[in-house]
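Colleague: Quick one, fold the following:
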Amino acid sequence: MPLIRQLQWQELDVLQGLEGVPVEDANGGLHFRVRHEGLMLLVSLWSELGMVDLTLVQTTTEAILLDLTVAVRGRIRYNNDKRGQYLEFADCVLVNRLTLSDEQLDAAFSPNLLGRTLLLSVKPHISLLFE
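Modeller: This is a model prediction of the structure:
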């Protein structure tokens with residue numbers, strides 16, 4: 001049985017986790033921009049595709065420090081616990097957005113492929129962690 005390809009999330013969870021208001025584009029993507037301590041985090045949610053783009057940029061030099069896309073096969077949740085305040089993207093698989101084909105998309109959502117949980121925090125500083 002294939003996994004669900006549509007993002008599973010509550011808008012309030014993402015708003016709390018990223019502390020910002022998204023901008024929607026004509027293709028159905030929601031884009032968040034978070035600035036903190038000389039860094040800018042760009043988060044794009046592609047709900048219909050089940051994908052999330054994450055780009056971390058150093059604002060003074062405009063150097064891209066991290067740029068990745070994940071297929072999110074689980075639920076996106078906001079957590080506020082002893083580890084802090086963060087978004088949890090359950091069951092993620094890294095994908096190559098530059099050469100993404102239908103076959104690669106099928107493979108990313110295959111139940112036979114092991115995924116990892118991604119934790120994203122914006123305070124006290126921006127951090128991304130694969131568990």
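
Colleague: Enumerate the positions of the lowest-mean-pLDDT helix or strand in the chain that are buried.
Modeller: Within the chain, no helix or strand scores below helix 102-108, which has a mean of 84 by mean pLDDT, DSSP states H and E. Across helix 102-108, burial judged by 16 or more other C-beta atoms under 10 Å covers L105, A108. In this view, the C-beta of every residue, glycine as well, is placed from N, C-alpha and C.

Colleague: Any chance you could list what contacts it?
Modeller: R5, L49, A71, R73, V93, V95, N96, L113 (C-beta atoms under 8 Å, 6 or more residues apart in numbering).

Colleague: Extract the CA atoms of it and return them as CSV.
Modeller: Below are the C-alpha coordinates for helix 102-108, written out as CSV (Å, rounded to 0.1, in the frame of the first residue of the first chain):
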residue,chain,number,x,y,z
ASP,A,102,7.9,10.3,-11.6
GLU,A,103,10.0,7.2,-10.9
GLN,A,104,12.0,9.0,-8.2
LEU,A,105,8.7,10.4,-6.7
ASP,A,106,7.2,6.9,-6.6
ALA,A,107,10.4,5.6,-5.0
ALA,A,108,10.4,8.3,-2.3
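
Colleague: just the buried members of the contacts of helix 102-108?
Modeller: R5, L49, A71, R73, V93, V95.

Colleague: pLDDT below threshold where in this structure?
Modeller: Within the chain, the segments meeting pLDDT under 70 span 1-4.

Colleague: can you map out the helices along it?
Modeller: For the chain, the helices defined by DSSP state H cover 11-18, 102-108.

Colleague: so how far is the first one off the chain centroid?
Modeller: Mean-position distance between helix 11-18 and its chain equals 12 Å (C-alpha atoms, centre = their mean, to the nearest Å).

Colleague: Dead centre of the protein: give me the residue that sits there.
Modeller: Centroid-nearest residue in the chain, with C-alpha atoms, centre = their mean: V52, separated by 4.1 Å.
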